[in-house]
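Visitor: please work out how this folds:
(chains A, B and C)
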Amino acid sequence: MISPFAPASVLSKVILNNVQLEAVTHPEGPQLVFAGAGTGKTRVLTAKIAYLVENKNILPGHIFAATFTNKAAREMQRRVEDLTAISCTGLWIGTFHSLCARILRREAGAIGYTPSFSIFDADDQLSLVKKTAKDLKLDERTMPPRLLLHSISKYKNACISPRELEGKQANFFEQELIKVYSAYQKSLQRQQAMDFDDLITNCVYLLRDNDETLQRYQRLFKFVLVDEYQDTNRSQFYLVKLLAQAHRNIFVVGDDDQSIYGWRGAEVENILSFEKVFQGAKIFKLEQNYRSTQAILNFANAAIEPNNCRAAKRLWSSRETGDRVVVMRYRDDRHEADAIGDSISRAIGGGVKGGDIAILFRTNAQSRLFEECLRKRRIPYVLVGGTGFYERKEIKDCCAYLRLLVNPKDDVSCGRILNVPSRGIGDKAREILVEQAGRTDRSILETLLDERTEYTGIRGVKGIEDLRSVFSLLMELNARHEPPQEILKEMLTLTGYLDMLEDEGSEESASRIENISELTSALASWAQENPEKGLASFLEEISLVSDIDKWNKSEDTVNCMTLHCAKGLEFKTVYIVGCEDGILPSRQNFDDEAKIEEERRLLYVGSTRAMESLVIAWADQRWRFGSIMPGAPSRFLRPIPVELYHFSDLSAEVDIREKPTRPAAREPAAAIRRSSAADFDDFSQETVHYRVGQHVVHHLYGQGEIVNLSGFGVDMHMTVKFSDGSRRRMMAQFAKFEQG
DNA sequence: TTGTTTATTCTTTTT
DNA sequence: GAATAAACAA
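Guide: Prediction:
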C-alpha cells in the first residue's frame, strides 16, 4: 500500500496494528475511530496528522485539530514534528476554547467585539450573574445564582440564544431565567467580554451568519480532527460540522464509555450518531488494549457492563493476566489514607518509582488526608488541580488590574479591584459610579477616569481620585509599551497593594507576596518569549490553561488527582479511593439513572488508567461536612463477579500489615504509624464521651453546653456556650470539667 | 465604612 | 470544616 516513493515515511516510524493503520491511511471523508481505553488513540491521531502533513502534503496551517487539553496539544504537535521533521508552528491544534479564541480575536469585528475582549472565568461569570439577578430584583433563595449560571451555560452549550427563547412556553423559573440570560449576554457584550461558553457559541454564530467568513475557514481547514469526541457538546458539534461540511474531511476519535463530562453539556449522542450525521462515514474500532493486564481489563469491563447506553465493544489485552484487582475496606478515611500511605511507602522501598503511582479520587476535598499522609512519610507527591495558582485571590486581583488596561470596559474586573486595597470606596460610592456609568453609557472605569464626573455626598472621593491617578499612569505606561511586569510592579506599589500585604505580616500574606512575585516573573519570562504578543494574549493564555496543562510527569513524585483529571493518563499502580456510595457515585446523582451511568464510567476511566496494579478502597465511615458519616461500598462494586478481585477486609488487612517481611529501611514510617495508631486510641478512649449538646460544668466558667466538636484525639476542639452567654473554644484534652 | 462575629450552606467533577 | 453571606459593633 505504501508508495515506494515515500521511503522514510511516517508509517515506518510508528508501529501501528492493522486497524490503526487503516484509520491513519484512510484517504478522505468522514471517519470515526472508536478507541477504547489504552488502545493507542493518541498514537493514531498523531500518526494521522503526520501522515496528512507528510504523505498528503497538507500544510500544517491547514489542519484544525481539537484536543481535550492544551498539554495534549503541545505533546501531539511535538510528536508530529518529530515524525515528519517539518515545523508545525502553523498547525491549528489546541482545545476548542483556545482554537475558538484564536479565530475570534481575528474576526472580532464581525460580531461587534474588539480583538482585546476579556475572557471571563467561572468566578467572573458568577459575579456577573449575581449582579444581573440583583438588578432584576430576583430573590437569591428561589433563584440561586449558581443554578441560574448553570442553566444559562446549558443553553449556551446547546447553542440556544436568548432570542430564540423569547415567547417560549415556560414556567416561572424559566421565564425569569430567560430574562437573566438575556441581560447577562447584553452585559457581557457591553463589557467586551466573553465567558468560556461564548468562545464556542460566538464562533458558531460568526461562521453561521457570515458566509464569506465561513467559506474562508472552510477553505483554510482542509482537514478537521477531534480528539475525545464523546466529550463534545452541541455547540462544538455545530462548529465542527460548519467547518467540515464542504469537504467532509472530518476525523474524530473517542470512546463513549469514557464520556464523563455530561454535566458540562457534553452529549454522547455526538459520537453515537456520527454515522447518521455524516453519511457514508467510515468506522474503525480499536479494541486491543496495550496498557493494562488482562486482570485489570476484566475488572474494568465488568464494572462498565451494567451501563445500558453504550456501543457494543469489548477490550482485550495481549498482555499477561497479571495480579488480581484488590478491593480494600478501611475503618475510616484516616485509616484509608494512612494504610495507602504505608502501602506506597512499602512499594517505593521495594523499588517502585513514585511517578508510576497515582491516587485518584472523586472530589478534590478528598486529597487533603492523602497529602498529609504522604508528607508525613516524606514521599514526594504532586497534587494536580485543586485551587490553582491563577485562582488565588491575590493573583486574580493583579490580573483584574491588567485586564482593565487591556479592556477598560471590563466592569467585572473593575468591580473586583475598586476597593482593593481598601481606599474607602464602599457600597455608596460604587452605587453612584454604576449609576453614572449607566446614564452615560460608559463602563465604570471610563466614568471614573472622567474628571468631570461629579460625586456628591460620597466620602470616598479621595479614594476615587487616587485610583484615577493610578490608572492614568498605568495606562500611559501601557501605551508606551513598557514591559508588562514593570507595569504590574508599578501597580503594586502605587495602589499600596504590597504595603497592605506587608503590614498584615501573617504567614498567609507572606505567601501571597510570594505568589505575586511568582506572577511577576512568569509575566517577565512570557514577555521575553513572546515579544510580539500583547498583554491580552498573556491574559488569554492564563485563563485557558487547565490544571493538567501544568502537570509534568516526574519520576519520583506520586500523583494525586481527581478521576476526571486522570483521563488520558496511565500509571503502573493506581489507587481509586473513596469508592463509596455517596461519593462514587456522588449522592447528588442518586436519583438520575443517566448520571449514575456517568459515574460508573468514572470508575471505568479510573480503572483503565492502571497498567499493572489496581487497588480500590472504601471506608466504613468518613468525615464529611465536619461530622462523621457512615459509608458503604459503592454500588458499582456489587455486580462485579467476586472472582475478578481480591477482597481484603479489616482483619485480613491487619494480617498483611503485621507480616514480618518488611525491608529494613522502614523505621521512620513505622514510627509514624505507631503514633497515628496512638491518636486513634486517644480518640476512642479519651475524648469520645463528649458530644454536641452535652451539659458540662467548667471549673472556672461554670455551667455550659457543648455546641460544637471538631478534630480527632489531641487535636479535638470543642466550642462551649456558657450560661453567661459567652462562647469559648478549647482543646478537649485540656478542658477541666467537674463531675456531673 | 470597616472589621468583626455569627449563621448558613456547601462540593462533585472543569474548559 | 471552610468559605461565604449576613448581621452587628465601632
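
Visitor: residue in chain A nearest to DNA strand C?
Guide: residue A:626 (2.3 Å; Cβ to the nearest atom of the strand). In this view, the C-beta of every residue, glycine as well, is placed from N, C-alpha and C.

Visitor: what residues does the stretch 101-250 of chain A put near DNA strand C?
Guide: The stretch 101-250 of chain A has residues A:130, A:140 near DNA strand C, with proximity defined as Cβ under 7 Å from any atom of the strand.

Visitor: in the stretch 51-200 of chain A, which spans are strands?
Guide: All strands of the stretch 51-200 of chain A, identified by DSSP state E, counting those that start in this stretch, fall at A:63-67, A:92-95, A:118-120, A:193-195.

Visitor: oh, I was asking about the stretch 251-400 of chain A
Guide: So, for the stretch 251-400 of chain A - with DSSP E, counting those that start in this stretch - the strands run A:282-286, A:288-289, A:316-317, A:325-332, A:357-361, A:381-383.

Visitor: what about the residue of the stretch 201-350 of chain A found nearest DNA strand B, neighbour count?
Guide: Ranked by Cβ to the nearest atom of the strand, the top residue of the stretch 201-350 of chain A for proximity to DNA strand B is residue A:263, at 3.7 Å. A total of 13 residues lie near residue A:263 under the criterion other Cβ atoms under 10 Å.

Visitor: next one, pLDDT for it please.
Guide: At residue A:263, the model reports a pLDDT of 89.

Visitor: before we move on, what about residue A:738?
Guide: 52.

Visitor: OK, contacts around residue A:89?
Guide: Counting by Cβ atoms under 8 Å, 6 or more residues apart in numbering, residue A:89 touches residue A:60.

Visitor: swap the cut-off to 10 Å and go again
Guide: Residue A:89 is in contact with A:60-61, A:77, A:81, counting by Cβ atoms under 10 Å, 6 or more residues apart in numbering.

Visitor: and what of residue A:146?
Guide: So residue A:146 contacts A:126, A:129-130 (Cβ under 10 Å, 6+ apart).

Visitor: DNA strand B: which of those residues is nearest?
Guide: Using Cβ to the nearest atom of the strand, the contacts of residue A:146 come closest to DNA strand B at residue A:126, 10.4 Å.

Visitor: same question for stretch A:569-580, mean pLDDT?
Guide: Stretch A:569-580 comes out at a mean pLDDT of 94.

Visitor: just give me the longest helix of chain A.
Guide: The longest helix of chain A (DSSP state H) is helix A:507-529.

Visitor: just checking, what packs against that helix?
Guide: Applying 3 or more Cβ pairs under 10 Å, 6 or more residues apart in numbering; DSSP states H and E, one finds that helix A:507-529 contacts helix A:393-406, helix A:484-494, helix A:497-504, helix A:535-544.

Visitor: from the chain's centroid, how far away is the shortest one?
Guide: The offset between the C-alpha centroid of helix A:497-504 and the centroid of the whole chain comes to 31 Å, using Cα atoms, centre = their mean, to the nearest Å.

Visitor: what are the contacting residues of it?
Guide: Residues contacting helix A:497-504 (Cβ under 10 Å, 6+ apart): A:394, A:397-398, A:401, A:417, A:420-422, A:488-489, A:491-493, A:496, A:508-513, A:516-517.

Visitor: filter these down to the ones close to DNA strand B.
Guide: Of the contacts of helix A:497-504, the ones that also sit near DNA strand B (Cβ under 7 Å from any atom of the strand) are residue A:422.

Visitor: ChimeraX command for the buried members of the contacts of helix A:497-504?
Guide: Listed next is the ChimeraX selection for buried residues among these, using 16 or more other Cβ atoms under 10 Å:
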select /A:394,397,398,401,417,420,488,489,491,492,496,512,513,516
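
Visitor: which parts of the stretch 51-200 of chain A are helices?
Guide: All helices of the stretch 51-200 of chain A, identified by DSSP state H, counting those that start in this stretch, fall at A:70-84, A:96-107, A:122-135, A:145-157, A:162-165, A:172-190, A:196-209.
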